[in-house]
Structures are given as structure tokens and as C-alpha cells.
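Participant: sequence and computational prediction follow.
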Amino acid sequence: MVRISEIFHSIQGEGKLSGTPSVFVRTSGCNLRCWFCDTRYASWEPEGDTLSVSSILDRVDAFPCDHVVITGGEPAIFDEIGEVVQSCKARRKHVTIETAGTVDRDWDCDLWSISPKLSNSTPIGMASDEWVRNHDLRRHAPQVVESLMESSLNRQADYQLKFVVGSILDAEEVLEYLGELHAWDRDRVMMMPRGTTAEELQLHSTWLPSWCRTHGVRYCDRQHIYWFGNTRGT
């Protein structure tokens, strides 16, 4: 059984599959507390129904769509998600798992979309001291990220690294993080501006695309914010 906050049909707005019609399965519950989280109903204040794997698959099958995105919250904290992935693959669906890269899983998805959390995510003054400590202890797990990257390549699948940045200092921290990884593909590294409004994202567009060009990594906008706004079910 997995607690699910929502299952909906929309368009992927982030990463290399941006623009792709997809069914989103959003699990409810997270082992982190990023202060800027835009899905607090699946992390800080988790809500939703507890569903069996078969019930999740029934809802996914209700949409005529070949791409499934399993997101959260943090889907990797639920053992049963591996069965969901396996069953979706048996249905010949393309499966993306969106994760913060803190829990190692050997799941046979098509795309590991890994978003390691930087020091800018720590909820100082916004959460209990215990959660601040736990967040900082868990968020930085390059060994897990490397394992997910290696697992995807061994299966001839794919991965992408998405970093949420709100300043040049954040961007420079990404370079330090990448220096801790033994191997990574520059074309799979994406810098995503922090923000939940078009105005916030446009502000970052004044500096982040040129920074990406200088450092040879990809700029990854949040297109769904422009298309739909920061609304649930999109």
C-alpha cells in the first residue's frame, strides 16, 4: 500500500522530456523538508489516499498515455513503487522516477530524474531543529546519486541531474557537488531556476542561461509554471 496524493494526466514541464504528455503518480510523504517545496501536500503536510498497487495501476491505465512519471514527495521511500514500475514497464510504458537521490533503489525505470538538494534547501527557521538536522544529514548523498546513475546506464536506460538554484552561489555549489561524483555526463546536468511564478523564473533567466552556456551544462526551465501556474494536477 502506498499513500498517493494525486494521479493526473498533464504535460511534463521539466527536463529532457519537457513537453511530453504524461500520467503523473504523486506519492505522499518525504524524508526531506526543503523550505521552497511547491508540493507541501506531499511532503510537509502529506495527504491523500492509501492505495494498493493494483488500484494505482487502474488509475494509470485510465489515461491513454505511454509516459508515466512517478514523483512526490519522495517515491523512493516506498518499497511498493518498485512493483508499480515493473507493472508499468510490462505495459510498455516509459517510466520516469523523480527523486532527490537520497534513497538507493535498483528499479528498472527508463529515466532517473535526480534532483540533489543543495544547502539552499535547508529549512532554517521554518521547521523544527530536529527536522533541520535530519534534512541536512539526508539531503547530501552523492554515493546514492552515483549508484542511481550507474544502475540506469547498466540497464541501458537514462538519467538526468536537476539542480534547483536561486543564485550564482547556488550554481557554484553545483560545481562543487559534481566534483564529488566520479563520473557524470555534462549533457545530463540541468540547472533549474527556483520559483513558483513566471515572474520569479524570468528573473533568474537574466543570468542563469548564460552561466549554463559558460559552464557547458543545460538550462532547465519550469515550463508548467508558464503553462498552468503553480496549481495542483498540472
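Facilitator: Structure received. If you're wondering where the values come from, they're calculated on a predicted model, not measured in any experiment.
Participant: centre of the chain versus the helix ranked longest in the chain, how much separation?
Facilitator: Longest helix in the chain, counting residues (DSSP state H): helix 142-154. Per C-alpha atoms, centre = their mean, to the nearest Å, the displacement of helix 142-154 from the mean C-alpha position of its chain is 15 Å.
Participant: quick one, what contacts the residue nearest the centre of the chain?
Facilitator: Central residue of the chain (C-alpha atoms, centre = their mean): Glu98, 3.5 Å from the mean position. Glu98 makes contact with Val69, Ile70, Thr71, Gly72, Pro75, Ser113, Ser115, according to C-beta atoms under 8 Å, 6 or more residues apart in numbering. Every C-beta, even on glycine, is put in place using the N, C-alpha and C of the backbone.
Participant: the same query, at a cut-off of 7 Å, please.
Facilitator: Val69, Ile70, Thr71, Ser113, Ser115 (C-beta atoms under 7 Å, 6 or more residues apart in numbering).
Participant: what helix or strand is it on?
Facilitator: Taking DSSP states H and E as the criterion, Glu98 maps to strand 94-99.
Participant: so how far is Ala183 from the residue nearest to the centre of the chain?
Facilitator: Going from Glu98 to Ala183 by C-beta to C-beta, to the nearest Å gives 22 Å.
Participant: ditto for Lys16
Facilitator: 19 Å.
Participant: picking up where we left off before, confidence score at the residue nearest to the centre of the chain?
Facilitator: The per-residue pLDDT reported for Glu98 equals 98.
Participant: for His182, same thing?
Facilitator: 89.
Participant: ok, and the closest non-adjacent residue to Ile81?
Facilitator: Pro75 (4.9 Å; C-beta to C-beta, 6 or more residues apart in numbering).
Participant: surely that neighbour is in contact with Ile97?
Facilitator: Yes. With contact defined as C-beta atoms under 7 Å, Pro75 counts as touching Ile97 (6.1 Å).
Participant: helices and strands around the longest strand belonging to the chain, which ones?
Facilitator: The single longest strand within the chain, with elements called by DSSP state E, is strand 2-11. Other elements packing on strand 2-11 under the criterion 3 or more C-beta pairs under 7 Å, 6 or more residues apart in numbering; DSSP states H and E are strand 21-27, strand 49-51, helix 53-61.
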